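Undergrad: coords please:
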Amino acid sequence: MANNGSEVVGQSPKMRVLIYSDNADVREQVRLAIGRRPAADVPKVEFLECATAPGVLKRLEDTSLGVDVCVFDGETTPAGGMGVCRQVKDEIFQGPPVLLIIGRRDDGWLAAWSRADKVITHPIDPVALAESLAELMRQRAAGSPALR
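TA: Numbering: from 1, shown residues only. Sure, this is the predicted structure:
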């Protein structure tokens, strides 16, 4: 696994997943879809949650937190997950990969503009979310950059 501060010596490794949405129900849906681990071959997950864009940036700039993967809600207001994703890609050096949840499949071009690493649509499909997140976790653990 990439040494980003998320491992604790003497304990089984965990990966930190940052969930960004202004909607507590969406954050809960994401947590429930992921569970303790999204796939058997990836580490357990520790969740961090943010309801505001400044909160996301603050958490990602704090390298001691070691965020491994982000899940952003594209429908968040006032700063949508797509814009925050683009900002993270532009401003956070070696930032974590981002899984973006968009409102409509037709918004795929905006997701591409945001440089999201993976995209799923609302309503959240738990299987699609878990599979996409697990793929990003595997890439992060291997130390390889996420695919764009």
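Undergrad: for the record, mean pLDDT for stretch 64-79?
TA: Taken as a whole, stretch 64-79 has a mean pLDDT of 94.
Undergrad: where's that stretch relative to the chain centroid, distance-wise?
TA: 6 Å (C-alpha atoms, centre = their mean, to the nearest Å).
Undergrad: distance between the ends of it?
TA: Separation of the first and last residues of stretch 64-79 by C-alpha to C-alpha, to the nearest Å is 25 Å.
Undergrad: list the buried ones in it?
TA: 65-76, 79 (16 or more other C-beta atoms under 10 Å). In short, each C-beta sits where N, CA and C put it, glycine included.
Undergrad: can you pull out the strands in the chain?
TA: Per DSSP state E, the chain carries strands over the ranges 14-20, 44-50, 67-73, 98-102, 118-121.
Undergrad: Using JSON lines, please lay out the ones you listed together with distance to E131.
TA: Formatted as JSON lines, the strands of the chain follow (distance: least, C-beta to C-beta, whole Å):
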{"stretch": "strand 14-20", "distance to E131": "14"}
{"stretch": "strand 44-50", "distance to E131": "14"}
{"stretch": "strand 67-73", "distance to E131": "13"}
{"stretch": "strand 98-102", "distance to E131": "10"}
{"stretch": "strand 118-121", "distance to E131": "9"}
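Undergrad: just to revisit the earlier point, could you point out the member of the buried residues of stretch 64-79 that lies closest to D125?
TA: Relative to D125, the closest of these is V71; by C-beta to C-beta it sits at 13.3 Å.
Undergrad: and the closest one, bridged to which residues?
TA: Beta bridges link V71 to I19, L99, judged by DSSP bridges.
Undergrad: Show the contacting residues for it.
TA: V71 is in contact with 17-20, 30, 98-101, 129, 133, counting by C-beta atoms under 8 Å, 6 or more residues apart in numbering.
Undergrad: Got a ChimeraX select line for the buried ones in those?
TA: The buried residues among the contacts of V71 can be selected in ChimeraX (16+ other C-beta under 10 Å) with this line:
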select :17,18,19,20,30,98,99,100,101,129,133
